[in-house]
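Trainee: The sequence isn't on hand, but the structure is:
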């Protein structure tokens, strides 16, 4: 089970009568509208900010079934209901470049002995625990009592199979677009890892929990295979590097700087969901010091069957090392760089070799940013490229 924005919970529960007792169309959820005004944070929306396109990013962990429903709350526009026919477009994406001819993908790994606190986008520890009212959450705790255990169980059956969230791609970001901390956000955090659960495997990047176009889940394969300025090389033009390839230069998929500007690192505008001045027992990822291992990535790509069958820590996983961490002068980073290098083992297969994270462009946050009243935005830069024979 994974946490989700409050707006989405309202969106998914509207048909069950659990939506707050209002007819405000914002019940659909401002977090998924392409065009929305900042008055959404105050519970209203002017005509100039009415959504024209609603886009959802559905990151499925297993095979799922879903449908799109439109609920019209205002009877005066009921006559327009047929205008929604054939207005839905669904695009299904899956990895294809890590091991050509397959949908295998690299796996992220979190370990119990990590020196940083759990990521904001970590799945809940026990999706099979006894259902309680806390399984479905609202921003106002007094509404908890109106949620039955049966409904909570049905919602959990949906949410445990996919992570659905989205941050607008172009519109101005506002504080209400931060994923709210749930009532039990840290209730079980201290007991997340047990004698039986010492490792967690993810299909998305941890820590970077609220980025434009992705929301809580950023599948690594999706950004490097569909990046705006990434170079995708055909198999016949890909150069494999072996032990005898002395002086050979890498020629494969690439997301990074180039002299002619034809390629560039992937850049995502992100929002820090964490409130900076709330301290935990362990430092959070943006408080990590240089040399900290944030997480691990599998050296090779896994099929979905292999991913579901993992039971022990990956013996040869690549540590994602924080080469330049937080400063001690109270500044926060404005740029986070994730640098990934792979070995082109064959013209079809990539093997991950190196992974590093670096913080840069530090600035002093205001008191309101530190308390979470104002957003702290940062840019996530992802570089992806093959290593030549000499590195």
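Mentor: On my side now, so go ahead. Since we're looking at a predicted model, the values are computed, not measured.

Trainee: any idea where the strands of the stretch 201-350 of the chain begin and end?
Mentor: 266-271, 293-297, 318-324, 332-344, 350-363 (DSSP state E, counting those that start in this stretch).

Trainee: export these to a markdown table and tack on distance to residue 171, mean neighbour count and mean pLDDT?
Mentor: For glycine as for every other residue, the C-beta is placed from the backbone atoms N, C-alpha and C. Shown next, in a markdown table, are the strands of the stretch 201-350 of the chain (distance: least, C-beta to C-beta, whole Å; neighbours: other C-beta atoms under 10 Å; pLDDT from 0 to 100):
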| stretch | distance to residue 171 | mean neighbour count | mean pLDDT |
| --- | --- | --- | --- |
| strand 266-271 | 11 | 19 | 94 |
| strand 293-297 | 30 | 21 | 97 |
| strand 318-324 | 31 | 18 | 97 |
| strand 332-344 | 20 | 20 | 97 |
| strand 350-363 | 23 | 18 | 97 |
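
Trainee: Rebuild those as JSON lines, extending it with distance to residue 286.
Mentor: Shown next, in JSON lines, are these (distance: least, C-beta to C-beta, whole Å):
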{"stretch": "strand 266-271", "distance to residue 286": "11"}
{"stretch": "strand 293-297", "distance to residue 286": "10"}
{"stretch": "strand 318-324", "distance to residue 286": "10"}
{"stretch": "strand 332-344", "distance to residue 286": "7"}
{"stretch": "strand 350-363", "distance to residue 286": "7"}
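
Trainee: Out of those, flag the one nearest residue 374.
Mentor: strand 266-271 (10.9 Å; C-beta to C-beta).

Trainee: burial of the closest residue to residue 93 other than its chain neighbours, as a residue count?
Mentor: Spatial nearest neighbour of residue 93, chain neighbours left out: residue 222 (6.3 Å); criterion: C-beta to C-beta, 6 or more residues apart in numbering. Neighbourhood size, residue 222 [other C-beta atoms under 10 Å]: 19.

Trainee: I'd like the numbering to begin with 213 instead of 1 from here.
Mentor: Understood, numbering begins at 213; the last thing we discussed is residue 434.

Trainee: Quickly note the distance from residue 434 to residue 463.
Mentor: Residue 434 sits 23 Å away from residue 463, taking C-beta to C-beta, to the nearest Å as the criterion.

Trainee: shaky segments in the stretch 263-412 of the chain?
Mentor: Within the stretch 263-412 of the chain, the stretches with pLDDT under 70 are 263-267, 273-276, 336-378, 388, 391-404.

Trainee: Quick one: the strands in it, in order.
Mentor: Under the criterion DSSP E, counting those that start in this stretch, the stretch 263-412 of the chain contains strands at 270-272, 320-323, 374-376, 411-414.

Trainee: that older thread, to residue 423, which of the strands of the stretch 413-562 of the chain lies closest?
Mentor: Residue 423 lies closest to strand 478-483 among these, at 4.1 Å (C-beta to C-beta).

Trainee: outside of the closest one, which residues touch it?
Mentor: With contacts defined as C-beta atoms under 8 Å, 6 or more residues apart in numbering, strand 478-483 is touched by 379, 385, 389-390, 420, 422-426, 430, 435-436, 439-442, 467, 548, 587-596.

Trainee: What subset of those is buried?
Mentor: Restricting these to buried positions leaves 379, 385, 389-390, 420, 422-426, 430, 435-436, 439, 441-442, 467, 548, 587-588, 590-596, with burial counted as 16 or more other C-beta atoms under 10 Å.

Trainee: Could you pull up the contacting residues of the residue lying closest to residue 583 once chain neighbours are set aside?
Mentor: Excluding the flanking residues, the one nearest residue 583 by C-beta to C-beta, 6+ apart is residue 489, at 5.9 Å. Applying C-beta under 8 Å, 6+ apart, we find residue 489 in contact with 582-584.

Trainee: from those residues, which is closest to residue 564?
Mentor: residue 584 (35.0 Å).

Trainee: To what extent is that closest one buried, counted in neighbours?
Mentor: 18.

Trainee: What is the burial count for the residue lying closest to it once chain neighbours are set aside?
Mentor: Spatial nearest neighbour of residue 584, chain neighbours left out: residue 487 (3.7 Å); criterion: C-beta to C-beta, 6+ apart. The local packing of residue 487 (other C-beta under 10 Å) involves 16 other residues.

Trainee: hang on, residue 487 packs against residue 583?
Mentor: Yes - if you go by C-beta atoms under 8 Å, residue 487 and residue 583 touch, sitting 6.7 Å apart.

Trainee: Quickly note the distance from the closest residue to residue 539 other than its chain neighbours to residue 484.
Mentor: Spatially, and ignoring its direct neighbours in sequence, residue 539 is nearest to residue 574 (5.7 Å; C-beta to C-beta, 6+ apart). In this view, residue 574 and residue 484 are 14 Å apart by C-beta to C-beta.

Trainee: shared neighbours, those two?
Mentor: Joint contacts of residue 574 and residue 484 (C-beta under 8 Å, 6+ apart) are residue 544.

Trainee: Pop the domain breakdown of the protein in here.
Mentor: Listed domain ranges for the chain are 213-304+338-399, 310-330+425-603 (source: automatic domain parsing).

Trainee: returning to what we had before: next step: the contacts of strand 478-483 restricted to helices.
Mentor: Within the contacts of strand 478-483, residues falling in helices by DSSP state H are 435-436.

Trainee: Number of residues surrounding the closest residue in space to residue 282 that isn't next to it in sequence?
Mentor: Distances taken as C-beta to C-beta, 6+ apart put residue 296 closest to residue 282, at 4.9 Å, once the chain neighbours are dropped. When neighbours are defined as other C-beta under 10 Å, residue 296 has 12 of them.

Trainee: Could you double-check that residue 296 lies in contact with residue 280?
Mentor: No - contact criterion C-beta under 8 Å: residue 296 and residue 280 do not qualify, at 9.3 Å.

Trainee: those helices in the chain, which residues are they?
Mentor: 218-225, 361-371, 432-438, 516-521, 579-582.
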